[in-house]
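J.: next input, structure requested:
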Amino acid sequence: MSGMDVHDILELDRGPEKEFITKDALMNSDKKKKLARKSDANTFKKPEGMHRELWGLLWTDNRDAPPLIPTDTNQGYKQMKAKIGSSKVRPWKWMPFTNPARKDGAIFHHWRRVADEGKDYPFARFNKQPEVPVYSDLEYQQHLHDDNWSRQETDHLFELCKRFSLRFVVMYDRWDRDKFSSRSVEDLKERYYNICNKLVKVRAPHGAEPKIRAYDAEHERKRKSQLIKLFERTTEQVEEEEKLIEELKKIELRKKEREKKTQDLQKLITAADSNIDSRKSDKKKASKKFPQTQKLHKETTALTPETTGIKFPDFKQPGAYVRSQKMKLPATIGQKKTKAIEQVLEEMGIEYNPMPTDEITGHFNELRQDIVLLYELKLALATCDYELETLKHQYEVLNPGKTPDVPLPETPDPLVDIGQRDDDSSRDNIDVVGSLTPNRKRKAALESTTAHLLKKMKNRV
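T.: Residues are numbered from 1 along each chain as shown. Now for the predicted structure:
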């Protein structure tokens, strides 16, 4: 029991009453630390458009202003203070040295550690001298003699090779042109490598394969002459070359386009051949199944052109689909054929979009295929009549006063005029026949074919 409890029981003076401890007081909500805000004069915000990496280079975590001049402070993790240890400092001494690369015995001085006194110059190991072969008089007379090079010229060449470490451009500059004839860099290289290869072959032990150094002097001469010509070009020649390069690019583009068109044409020819083969196989199958209609089929195909008809979409993939999609005309059907189909359906009183049952869909597609076939027959007939009239006029021009003994058409065209209409609407005129009419034999055969097709279409309706 505490003293406060005793005072409370005896109802004695307890002094000033303290406030009851609440949850807020217990959580110390009133004594939250307020963050000290710096004045606006000392705060710097990153300018808009500046990358974060650049701002990090200009600004530090200590909020120090960027320095006006380069300094060595705050350079990342670099240790700027000197590390002073307890070990003794290694003494240095000003001492002389000689470079083994020099043959004149010159003496130089530099600072060096006392522990390294007496050691070789450390940079002497970088002095790599090439091995220039030495030949004797007997070897030169037996193997190295050349009519274009004298013995004195060869000796002078090898002396320069040893002196300038096979730097042939320097050797070409120091070549003694007063005593000897002028030689090019390629001539010096060719003579040197030929001698080296001959000496290697002669001195190689029996059975060992010598290491030959290949050098093509003629190739180097051509290469340098081409570079000289390229360097000495005029401005007009450079512009002409650029134009020729542009023309070459255009020619290559045209060649690629021709090749692409040839490939596309070849694909079309292949597709047409396969289509004809499949059509022939279908005819053979139909002739076996229906021998009675074989004769009529031959008569009609003799007058009708090759046509692929309408290829309606065939849904062989699994999944649900709407049957009306089978009656949708493909995009390959032209606008004139589409209008011809609409006109014939309108004349026959058939809806353009009938109820797509399974039976109606098949008959409706076959009907439109027959309409397209009729349309193509009419175009073929118009072409034949036009050619017949053209030949007639040519015959009359070549033979004035004579008429050809060819029965010309006299009766009007028996086909239904699909494209012709009295009203001048926005529909295109599909009838390309005009006033031309077929001859009598063709007309008779065509009338039978047309009647058969119309009867077939009416029976399906």
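J.: could you report the neighbour count for residue 171?
T.: 22 (other CB atoms under 10 Å). Where C-beta positions appear, they are placed from N, C-alpha and C, glycine not excepted.
J.: so what's it up against?
T.: For residue 171, the contacting residues are 157, 160-161, 164, 188, by CB atoms under 8 Å, 6 or more residues apart in numbering.
J.: could you do residue 123 as well?
T.: Contacts of residue 123 by CB under 8 Å, 6+ apart are residue 99.
J.: and it, that's in a helix?
T.: Yes - counting by DSSP: H, G, I helix; E, B strand; the rest coil, residue 123 is located in a helix.
J.: quick check: pLDDT value at it.
T.: At residue 123, the predicted lDDT confidence score is 89.
J.: okay, it and residue 97: tell me how far apart.
T.: For residue 123, the distance to residue 97 (CB to CB, to the nearest Å) stands at 10 Å.
J.: and the next element down the chain from the worst-scoring helix or strand of the chain on mean pLDDT?
T.: Comparing helices and strands within the chain by mean pLDDT, DSSP states H and E singles out helix 294-303 as the least confident, with a mean of 44. Scanning forward in sequence from helix 294-303 by DSSP states H and E, the next helix or strand is helix 335-347.
J.: elements contacting that following helix?
T.: helix 358-398 (3 or more CB pairs under 8 Å, 6 or more residues apart in numbering; DSSP states H and E).
J.: what angle sits between the helix it packs on and helix 335-347?
T.: Counting by axes from the mean of the first three to the mean of the last three CA atoms, to 10 degrees, helix 358-398 lies at 120 degrees to helix 335-347.
J.: could you name the helices and strands sitting against helix 358-398?
T.: By 3+ CB pairs under 8 Å, 6+ apart, helix 358-398 packs against helix 335-347, helix 440-460.
J.: mean pLDDT lowest for which of those?
T.: helix 440-460 (a mean of 55).
J.: select the longest helix from this structure.
T.: helix 235-289 (DSSP state H).
J.: can you classify residue 109 by secondary structure?
T.: From three-state DSSP, the assignment for residue 109 is strand.
J.: mind listing what it touches?
T.: 94-97.
J.: bridged to it, which residues?
T.: Beta bridges link residue 109 to residue 96 when assigned by DSSP bridges.
J.: now the helices for the stretch 101-250 of the chain?
T.: 137-139, 151-164, 168-173, 185-203, 217-231, 235-289 (DSSP state H, counting those that start in this stretch).
J.: so which elements touch the last one?
T.: Spelled out, it's helix 235-289. Identification of packing neighbours for helix 235-289 by 3+ CB pairs under 8 Å, 6+ apart yields helix 294-303.
J.: just the fifth one next, same as before
T.: The elements that helix 217-231 packs onto, with contact taken as 3+ CB pairs under 8 Å, 6+ apart, are helix 185-203.
J.: same for the helix it packs on, what does it pack against?
T.: Helix 185-203 packs on helix 151-164, helix 168-173, helix 217-231, going by 3+ CB pairs under 8 Å, 6+ apart.
J.: pull out the buried residues from that helix.
T.: Within helix 185-203, the residues scored as buried using 16 or more other CB atoms under 10 Å are 185-192, 194-199.
J.: quick revisit: so how do I select the buried members of the contacts of residue 109 in PyMOL?
T.: If you want just the buried ones from those in PyMOL, going by 16+ other CB under 10 Å, the selection is:
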select buried, resi 97
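J.: rewinding a little: next, the angle from the longest helix of the chain to helix 217-231.
T.: 100 degrees.
J.: kindly provide the whole-number mean pLDDT of helix 235-289.
T.: 82.
J.: export the helices of the stretch 101-250 of the chain to a markdown table and tack on distance to residue 109?
T.: Shown next, in a markdown table, are those (distance: least, CB to CB, whole Å):
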| stretch | distance to residue 109 |
| --- | --- |
| helix 137-139 | 46 |
| helix 151-164 | 28 |
| helix 168-173 | 30 |
| helix 185-203 | 40 |
| helix 217-231 | 46 |
| helix 235-289 | 57 |
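J.: quick one: which of those helices is nearest residue 106?
T.: Closest to residue 106 of those is helix 151-164 (CB to CB; 17.7 Å).
J.: and that closest one, what other elements does it pack with?
T.: Here helix 151-164 touches helix 168-173, helix 185-203, going by 3+ CB pairs under 8 Å, 6+ apart.
J.: now those helices as TSV including mean pLDDT?
T.: Shown next, in TSV, are the helices and strands packed on helix 151-164 (pLDDT from 0 to 100):
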stretch	mean pLDDT
helix 168-173	94
helix 185-203	93
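J.: can you list the ones you listed in JSON lines and add distance to residue 227?
T.: Listed next are the helices and strands packed on helix 151-164 as JSON lines, based on distance: least, CB to CB, whole Å:
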{"stretch": "helix 168-173", "distance to residue 227": "15"}
{"stretch": "helix 185-203", "distance to residue 227": "13"}
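J.: what's the closest of these to residue 258?
T.: It is, among the helices and strands packed on helix 151-164 and with distance given as CB to CB, helix 185-203, at 46.1 Å.
J.: next, the angle from that closest one to helix 151-164.
T.: Going by the same axes, to 10 degrees, helix 185-203 makes 100 degrees with helix 151-164.
J.: what's helix 185-203 in contact with?
T.: For helix 185-203, contacts defined as CB under 8 Å, 6+ apart pick out 133, 135, 139, 143-144, 146, 149, 154, 157-158, 161, 166, 168-169, 171-172, 175, 210-213, 215, 217, 220-221, 224.
J.: one more time with 7 Å
T.: The contact list for helix 185-203, computed with CB atoms under 7 Å, 6 or more residues apart in numbering, reads 133, 135, 139, 143-144, 149, 157, 161, 168-169, 171-172, 210-213, 215, 217, 220-221.
J.: got the CA coordinates for stretch 94-101 in PDB?
T.: Coordinates of the C-alpha atoms in stretch 94-101 are reproduced here as PDB (Å, rounded to 0.1, in the frame of the first residue of the first chain):
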ATOM      1  CA  TRP A  94      69.700   9.800 -56.200                       C
ATOM      2  CA  MET A  95      71.700   7.300 -58.100                       C
ATOM      3  CA  PRO A  96      73.100   6.800 -61.700                       C
ATOM      4  CA  PHE A  97      71.800   4.100 -64.100                       C
ATOM      5  CA  THR A  98      72.300   2.900 -67.600                       C
ATOM      6  CA  ASN A  99      69.800   1.700 -70.200                       C
ATOM      7  CA  PRO A 100      70.700  -1.600 -71.800                       C
ATOM      8  CA  ALA A 101      68.800  -0.600 -74.900                       C
END
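J.: hmm, who's touching it?
T.: Counting by CB under 7 Å, 6+ apart, 105, 107-112, 117, 120-121, 124, 127 sit against stretch 94-101.
J.: for residue 343, state which of the buried residues of helix 185-203 is nearest.
T.: Nearest to residue 343 among the buried residues of helix 185-203, with distances taken as CB to CB, is residue 186, at 87.1 Å.
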